[in-house]
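Enquirer: No sequence on hand, only this structure:
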């Protein structure tokens, strides 16, 4: 295999891992605070739609991003009200959000654009463009003429949208917030033993809402990335289970930021390989395309079943906090 | 100002719906003293302390701290007023370190490192000052219960608490740990801290407190100086009638041998927990097994009750062998043979906490024809039986539809006792019958055990409470490290001798 081919696969790994990473970190904040969130998928989907729709109508991708984040946060607030304020079942609330999002995005898209539940193709100035870092080549021909180091720089490190760099920067930032700040200490505490936080005179509800809102913001960015950076417009079900794969990555990462990066890169890599090799010929036998498309999901299951080992979730996860007598 | 009481409550009332948990409570505690609050479960002690700590808001009444009227709307306000509370169930984050738990909610600044550095220094000073030795970097779940409690106390001292409330602090401690706790409390008192101790163990009240208040049914009935009262008097004030702290019983008249255990061995987790235990129990006698928890008593009870299998030895019931190795041996078949079993832990083994009382009453006996109509369970019959048992065993409230967890500890235990004793089994296995049970219920359960003995049944009693063993048993066997160290008659031994045997020390012959 050519060196450049490997680089191209890795490059696509980074692109495909970005939405996973953002959603995974969203889940990390929420679950570390003791609120399970299987609504990552729905929040991403709604954000993807609103980001594309508003970017298209306003012509500004940044306005689109804001709209996507806002839409995701609305669902996050819903999740918070259902599961924190009213102490409902967090899983049911998450499922409801996923259904709501899947239906709502398509219906609104049909009403606004009448193109069969999708948004129009976004023009390039209503998308996040790729940033070419100083000194990097941007054309395929230019890259091919470089030496190996130059190729790594130009192909793998340079040439991503700003959201990719943002997602990567979120990893050390999240680690720092979690382990080096007062907020992080309290966040981890409330996911382990909310009674300890409550008796220390800190609001359990406030902390959990903060975490759920942060998850909303990150899911919003993840969704906007899908429709305005990875592709050019919204199509039905475009999140394609990424919210659930992000949850799987979160378990694989044992709720830790750096591990989350590795897990998301691994799952992104499966995705990239599946995308690149659609037709593999093994002698007379041609591997069906469908199998290659399903492969990333199959590998996720295998990794989760075989490699995770003992993953201990935050102890108060999934439990609404009720003050005891 | 220094003459003002540290805490003064005036006319505190609080109700939950129709239930009046606290009624017009007034109390005053002098600075630098240890004040005990006793009462049965549900008497309103915990509610009162929760009001003082800002967990609940009183419906009426005033709180004065050091002579100043203080409103305590939330825990933050209580902390500001210098009140700290050590809850019965610790409020610690188990996978955090000691220092992280201590600073939680009392960090200075948004960054952690300076907070931790400062806390580590302060903790060292506090440990030194009060004799509270704990490694600041130890993770909570690796610490013993006694050490976790120290962390709770340190947490309060770190927040500059001058008034410490301890809710049933010794419930989870071993006797030695409880002693250490009392030394710490004395030290704190000497440093001028005021301590409120909530407990239902009268011995602790007598040992450590200066003054004591008694609560009954939401009211504070008496406040007395500890030196002027006695355990019997306190018990009477708590329950509202005379209570026999010493069980009344006639001498045993042992009959034929019911249970014979020879050279019983049990392995668990690769460790031999029972190393050849032999004993026998006759009709009409109570054999008490004394010992520090974890010396094989649990395994003895479980193997006899059919919950685990033995690796060697023999057990016979009325002379015929009992299957102790086959995995088919189980609690249900043991019960069918006439072996009742009140397990050590009622919450995990005795009851299903989420199930209703009537369902719990049938467990283990659910194949009994009187509970069944053909292949179906006869719910009406079970409920009727439950109502009947609740009346005879004084379970309160007598509502068969209430889930087990809604009953107080004493009433939960009475449900288990009713189920296991009411069929008058030939052999009754009883583990920790009164752990976490209040005085009135203890007396009741003890009387039931004696009554069963007087019917000519054999009883194996296992308890870590030496008082209970000495009060109930006709013979006492002491276990240490999976062996029986010796047998004594209760009127020919004392706590000191038993204590030595429990520690594995044998001096002279029996």
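Expert: Ah, there it is. Quick caveat: nothing in here was measured; it's all calculated off a predicted structure.

Enquirer: Which pLDDT value goes with the nearest residue to residue B:215 once chain neighbours are set aside?
Expert: Computed as Cβ to Cβ, 6 or more residues apart in numbering or on different chains, the closest residue to residue B:215 that is not its neighbour in sequence is residue B:39, at 3.5 Å. Every C-beta, even on glycine, is put in place using the N, C-alpha and C of the backbone. Confidence at residue B:39, expressed as pLDDT, is 85.

Enquirer: And for residue B:29?
Expert: So residue B:29 comes in at 94 (pLDDT).

Enquirer: same deal with residue B:200?
Expert: We have a pLDDT of 76 for residue B:200.

Enquirer: show me what contacts residue A:21?
Expert: A:167-168, A:170-171, A:246, A:260-261, A:264-265, A:268 (Cβ atoms under 8 Å, 6 or more residues apart in numbering or on different chains).

Enquirer: Among the residues you listed, find me the one that's closest to residue B:250.
Expert: If you rank the contacts of residue A:21 by distance to residue B:250 using Cβ to Cβ, residue A:260 comes first, at 70.7 Å.

Enquirer: any idea which element residue 236 lies in?
Expert: Since you didn't name a chain, this refers to chain A. Here residue A:236, judged by DSSP states H and E, is contained in no helix and no strand.

Enquirer: my bad, chain B
Expert: helix B:231-239.

Enquirer: For that helix, which helices and strands make contact with it?
Expert: helix B:202-208, strand B:211-216, helix B:439-454 (3 or more Cβ pairs under 8 Å, 6 or more residues apart in numbering or on different chains; DSSP states H and E).

Enquirer: chain center to that helix, what's the gap?
Expert: Remark: helix B:231-239 is offset 19 Å from the chain centroid, using Cα atoms, centre = their mean, to the nearest Å.

Enquirer: Identify the residues contacting that helix?
Expert: Contact partners of helix B:231-239, identified using Cβ under 8 Å, 6+ apart, comprise B:38-40, B:43, B:200, B:202-203, B:205-206, B:212, B:214-216, B:221-222, B:242-243, B:245, B:439-440.

Enquirer: Am I right that residue A:186 is in a helix?
Expert: Yes: if the criterion is DSSP: H, G, I helix; E, B strand; the rest coil, then residue A:186 is within a helix.

Enquirer: So which elements touch the helix or strand of chain A with the lowest mean pLDDT?
Expert: Among the helical and strand segments of chain A, the one scoring lowest on mean pLDDT, DSSP states H and E is strand A:280-282, with a mean of 77. Applying 3+ Cβ pairs under 8 Å, 6+ apart, we find strand A:280-282 packed against strand A:285-287.

Enquirer: Excluding chain neighbours, give the residue nearest to residue B:119 in space.
Expert: Nearest one to residue B:119, counting by Cβ to Cβ, 6+ apart, is residue B:103 at 4.8 Å.

Enquirer: Beyond the helix holding residue B:236, next helix or strand please.
Expert: strand B:257-268.

Enquirer: Looking at chain A, what residue ends up closest to chain B?
Expert: residue A:200 (2.7 Å; Cβ to the nearest Cβ).

Enquirer: show me the residues around that residue that make contact.
Expert: Contacts for residue A:200 (Cβ under 8 Å, 6+ apart) come out as B:75, B:91, B:104-106.

Enquirer: mind redoing it with 6 Å?
Expert: Contact partners of residue A:200, counting by Cβ atoms under 6 Å, 6 or more residues apart in numbering or on different chains, are B:104-105.

Enquirer: if I look at it, how far off is residue A:212?
Expert: Separation of residue A:200 from residue A:212 (Cβ to Cβ, to the nearest Å) stands at 21 Å.

Enquirer: same deal with residue A:153?
Expert: When residue A:153 is compared with residue A:212 (using Cβ to Cβ), they lie 39 Å apart.

Enquirer: Pretty sure residue A:311 sits in a strand.
Expert: No: under three-state DSSP, residue A:311 falls outside any strand and is assigned coil.

Enquirer: Could you point out the helix or strand that follows the longest helix along chain A?
Expert: Longest among the helix segments of chain A by residue count, using DSSP state H, is helix A:3-32. Counting by DSSP H and E, the next helix or strand C-terminal to helix A:3-32 is helix A:40-58.

Enquirer: How many neighbouring residues does the residue of the stretch 201-350 of chain B found nearest chain A have?
Expert: Taking Cβ to the nearest Cβ as the measure, the stretch 201-350 of chain B has residue B:218 as its residue closest to chain A, at 13.8 Å. Neighbours of residue B:218 under the rule other Cβ atoms under 10 Å in any protein chain shown: 22.
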